[in-house]
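Peer 1: Okay, here's the prediction I keep looking at, along with the sequence it came from:
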Amino acid sequence: MRRWSLEVLVFFVGAGTLGAEIAAARLLAPWFGSSTIVWANTIAIVLVALSVGYALGGRLADRSPDPRRLAVVVLIASVLLAIVPLVSGPFLRAAVSAVDELSVATFLGSLVGVGALVAVPLLLLGMVSPFALRLRLGAVADTGHAGRTAGRLSAIGTVGSLVGTFAASLLLIPVVGTRRTFLIFAALMALAAVPLLVGRVRWVAVMVPAAILALIAAPTGTVKAETSGDSRVIWERETEYQYARVIEDPDKTRWLELNEGHAVHSVYRPGEWLTGGYWDEMFGLSLAGGRVPSSVAILGSAAGTTARQIGHYFPSTRVDAVEIDPDVTSVGLSLFDLSGPHLVTHDADARPWLGASDRRFDVIMVDAYRQPYIPFYLTTQEFFSSVRSHLTPGGVLVLNSAHPEGSDTLEKALTATLRSVFGDDDVWRNPAQPTNSQLIATLGDSPVTALDAVDVPDDVSSLVNDIGSRLEPGLRGGPVWTDDKAPVEWLTDMSLAGEID
């Protein structure tokens, strides 16, 4: 009975440890994004906590090899793990405020965030493996099966970790959400610890998994429902890729936030098409080829603000709106009036979609650069070469580069990489906003000349004139990035920390 109980416990602790790691990264995503930096911090904290737990667990097992002590350790860890999603909101909100107010890098904020939330319960879970091994070896020390026993327990724990990884990522998080994923793993580990107890204590201990299961039935509420003034969250979801929410103001203006919420990715005002934001710049620059485009591909269309503008003002233009997250496209169709006479939506990652397409476009827009981190594979020489090969003669690439205010290091790197593909004199910039610059690479005439010559609708003429007056040659001095080396996240962190401009 004890052997069976130990093996079941080792299995569920393995599942809960890796499941908690996946869920912890997901818990951080609405506040810090889901970049490799956040993942690296999560994995690092998990490994450090487990390492300390292994050492402490071995010492405790040698001092007092009592299965009841092991059960108590797991019960405490389960309770702490169940508390994590309940207290994460206020704590992570404070961590984000520190990132904003102290200008520390997201690396540090997410490291502190994940460490404070999950380090202690994972340390306790790390104690289980050496403790269980000590208990089992105490029973087989004279049989010559110590190696077999150690290997069996390690295999059971590893299989549990594998099950926890896939259960969290493929089943629990998509179906029941991050909060209930934590609770389910905590409840399963607590249940597995109960058989190691005896007598009245066992029946008291049953209350721990029962209480955790009761929390699973409670309403989850919202992840980041706090808004300012009279604004309210009208839609939110943990999608397959990210956390997304839509905020509506009293005047019915709607805003789409993804992940960390440092930037708004789409906006909608009923009956209006120009927004006063960077989307207008992207729309106006669709004319940088000196003509109304017959075809436009938007890589990273979000809820479709720019696609909607083009569909309204240029109804004969075909717009291919590419967005990796189908839930974001869906909310664009339902809440952001994403529409157009020749609109085609695609649920796909930008670069693979473009590489697989055999079509050419008059304009290709890249607007997948999320704050604070951006996908490195959309910043490289190889990607821009693919873009160029999909442009028609005289075609234009319009790229929205979001960056920390006052920092131009990212823009310089992108400009240098674009010049290596399009030519030294064919890359321009539109410094539209403190945190947004548009880069323009052309296969035709200067966009300044092109915008002066194009015939535009009356209500957008001032927009086009303003853009033309701001255009200037791209910045110089940046490195050329490739698929092999494009240190986007490092550069962004250093910029946020104020160490580079």
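Peer 2: Thanks, I have it. The model shown is predicted, which means the values in this text are computed figures rather than measured ones. Residues are numbered from 1 along each chain as shown.

Peer 1: average pLDDT for the longest strand anywhere in the chain?
Peer 2: If you go by DSSP state E, the chain has its longest strand at strand 391-402. Here strand 391-402 scores 93 as its mean pLDDT.

Peer 1: Same question for stretch 4-13.
Peer 2: Rounded mean pLDDT across stretch 4-13 is 92.

Peer 1: Can you give the domain ranges for this protein?
Peer 2: What automatic domain parsing lists as the domains of the chain is 2-217, 271-496.

Peer 1: show me where pLDDT drops low in the chain?
Peer 2: 1-3, 29-36, 93-111, 139-144, 219-229, 259-263, 370-373, 404, 492-501 (pLDDT under 70).

Peer 1: related to what we said a few turns ago, so how far is the longest strand of the chain from its chain's centroid?
Peer 2: Averaged C-alpha coordinates place strand 391-402 at 26 Å from its chain's average position (C-alpha atoms, centre = their mean, to the nearest Å).

Peer 1: how about the strands of the stretch 401-501 of the chain, start to end?
Peer 2: Counting by DSSP state E, counting those that start in this stretch, the stretch 401-501 of the chain has these strands, from start to end: 427-433, 436-442, 472-473.

Peer 1: looking at those, which is buried most?
Peer 2: Most buried of the strands of the stretch 401-501 of the chain, by mean neighbour count (mean count of other C-beta atoms under 10 Å): strand 436-442, with a mean of 24. In this view, the C-beta of every residue, glycine as well, is placed from N, C-alpha and C.

Peer 1: so can I have a markdown table of the strands of the stretch 401-501 of the chain showing distance to residue 208?
Peer 2: What follows is the strands of the stretch 401-501 of the chain, written out as a markdown table (distance: least, C-beta to C-beta, whole Å):
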| stretch | distance to residue 208 |
| --- | --- |
| strand 427-433 | 52 |
| strand 436-442 | 50 |
| strand 472-473 | 65 |
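
Peer 1: quick revisit: okay, buried residues for the longest strand of the chain please.
Peer 2: 391-392, 395-402 (16 or more other C-beta atoms under 10 Å).

Peer 1: which one among those residues gets closest to residue 39?
Peer 2: residue 402 (21.0 Å; C-beta to C-beta).

Peer 1: I'd guessed the closest one sits against residue 366; true?
Peer 2: No. Residue 402 sits out of contact with residue 366 when judged by C-beta atoms under 8 Å, with a separation of 11.4 Å.

Peer 1: So which of the strands of the stretch 401-501 of the chain is nearest residue 7?
Peer 2: Nearest to residue 7 among the strands of the stretch 401-501 of the chain is strand 436-442; the distance by C-beta to C-beta comes to 56.0 Å.

Peer 1: What helices and strands are in contact with that closest one?
Peer 2: helix 278-285, strand 391-402, helix 409-422, strand 427-433 (3 or more C-beta pairs under 8 Å, 6 or more residues apart in numbering; DSSP states H and E).

Peer 1: the inter-axis angle of it versus helix 278-285?
Peer 2: Angle, strand 436-442 to helix 278-285, by axes from the mean of the first three to the mean of the last three C-alpha atoms, to 10 degrees: 20 degrees.

Peer 1: Partner strands of strand 436-442 and their direction?
Peer 2: Partners of strand 436-442 in the sheet, by DSSP bridges, are strand 391-402 (antiparallel), strand 427-433 (antiparallel).

Peer 1: follow-up on the earlier one: can you add distance to residue 412 and give the buried residues of strand 391-402 back as JSON lines?
Peer 2: Output for the buried residues of strand 391-402, formatted as JSON lines (distance: C-beta to C-beta, whole Å):
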{"residue": "391", "distance to residue 412": "23"}
{"residue": "392", "distance to residue 412": "28"}
{"residue": "395", "distance to residue 412": "24"}
{"residue": "396", "distance to residue 412": "21"}
{"residue": "397", "distance to residue 412": "17"}
{"residue": "398", "distance to residue 412": "18"}
{"residue": "399", "distance to residue 412": "13"}
{"residue": "400", "distance to residue 412": "16"}
{"residue": "401", "distance to residue 412": "10"}
{"residue": "402", "distance to residue 412": "15"}
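
Peer 1: out of these, what pair is the most spread apart?
Peer 2: It's 392 and 402 that sit farthest apart of these, by C-beta to C-beta, at 27.3 Å.

Peer 1: my read: residue 434 touches residue 403, true?
Peer 2: No. At 9.2 Å, residue 434 does not count as touching residue 403 under the criterion of C-beta under 8 Å.

Peer 1: The two: who's more crowded?
Peer 2: Taking other C-beta atoms under 10 Å, residue 434 and residue 403 do not tie; residue 403 has more neighbours (22 against 10).

Peer 1: quick one: the residue nearest to that one when sequence neighbours are not counted and residue 428, what's the gap?
Peer 2: Take residue 403 and drop its neighbours on the chain: the residue closest to it by C-beta to C-beta, 6 or more residues apart in numbering is residue 410, 4.7 Å away. Residue 410 sits 17 Å away from residue 428, going by C-beta to C-beta, to the nearest Å.

Peer 1: can you check residue 177 too?
Peer 2: Residue 177 sits 45 Å away from residue 428, going by C-beta to C-beta.

Peer 1: And the helices in the stretch 51-200 of the chain, which stretches?
Peer 2: Assigned by DSSP state H, counting those that start in this stretch, the stretch 51-200 of the chain shows helices spanning 67-102, 106-126, 128-140, 146-166, 173-176, 178-193, 199-205.

Peer 1: so can I have a markdown table of those showing mean neighbour count and distance to residue 331?
Peer 2: Output for those, formatted as a markdown table (neighbours: other C-beta atoms under 10 Å; distance: least, C-beta to C-beta, whole Å):
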| stretch | mean neighbour count | distance to residue 331 |
| --- | --- | --- |
| helix 67-102 | 19 | 22 |
| helix 106-126 | 23 | 25 |
| helix 128-140 | 20 | 42 |
| helix 146-166 | 17 | 28 |
| helix 173-176 | 14 | 17 |
| helix 178-193 | 26 | 19 |
| helix 199-205 | 12 | 44 |
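
Peer 1: Looking at these, spot the one closest to residue 341.
Peer 2: It's helix 173-176; of the helices of the stretch 51-200 of the chain, that one is closest to residue 341 (C-beta to C-beta) at 34.6 Å.

Peer 1: How about exporting the closest one as CSV, limited to the C-alpha atoms?
Peer 2: Taking only C-alpha atoms (Å, rounded to 0.1, in the frame of the first residue of the first chain), the coordinates of helix 173-176 have been written out as CSV:
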residue,chain,number,x,y,z
ILE,A,173,-5.7,26.0,-19.9
PRO,A,174,-7.8,26.1,-23.2
VAL,A,175,-10.9,24.4,-21.6
VAL,A,176,-11.0,25.6,-18.0
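
Peer 1: just checking, what packs against that helix?
Peer 2: By 3+ C-beta pairs under 8 Å, 6+ apart, helix 173-176 packs against helix 2-32.

Peer 1: The helix it packs on vs helix 178-193, what angle?
Peer 2: In terms of direction (the same axes, to 10 degrees), helix 2-32 departs from helix 178-193 by 160 degrees.

Peer 1: How about helix 2-32, which residues are buried there?
Peer 2: Those buried within helix 2-32 under the rule 16+ other C-beta under 10 Å are 5-32.

Peer 1: Ok, stretch 305-316 next?
Peer 2: Buried-residue list, stretch 305-316, by 16+ other C-beta under 10 Å: 305-314.

Peer 1: which residues sit against that stretch?
Peer 2: For stretch 305-316, contacts defined as C-beta atoms under 8 Å, 6 or more residues apart in numbering pick out 266-268, 273-275, 277, 279-280, 282-283, 286, 292-294, 296, 298, 301, 317, 319, 321, 336-343, 365, 367, 457, 460.

Peer 1: returning to that earlier point: right, and the helices and strands packed on strand 436-442 - which one's nearest residue 483?
Peer 2: Nearest to residue 483, of all those, is helix 409-422, at 11.2 Å by C-beta to C-beta.

Peer 1: export that closest one as CSV, just CAs?
Peer 2: The C-alpha trace of helix 409-422 is given here as CSV (Å, rounded to 0.1, in the frame of the first residue of the first chain):
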residue,chain,number,x,y,z
THR,A,409,18.0,51.5,-31.4
LEU,A,410,15.4,49.1,-32.7
GLU,A,411,14.5,51.4,-35.6
LYS,A,412,18.1,51.7,-36.6
ALA,A,413,18.5,47.9,-36.7
LEU,A,414,15.3,47.5,-38.7
THR,A,415,16.4,50.2,-41.1
ALA,A,416,19.8,48.8,-41.7
THR,A,417,18.3,45.4,-42.3
LEU,A,418,15.8,46.8,-44.8
ARG,A,419,18.5,48.7,-46.6
SER,A,420,20.4,45.5,-47.1
VAL,A,421,17.4,44.1,-49.0
PHE,A,422,15.8,47.1,-50.7
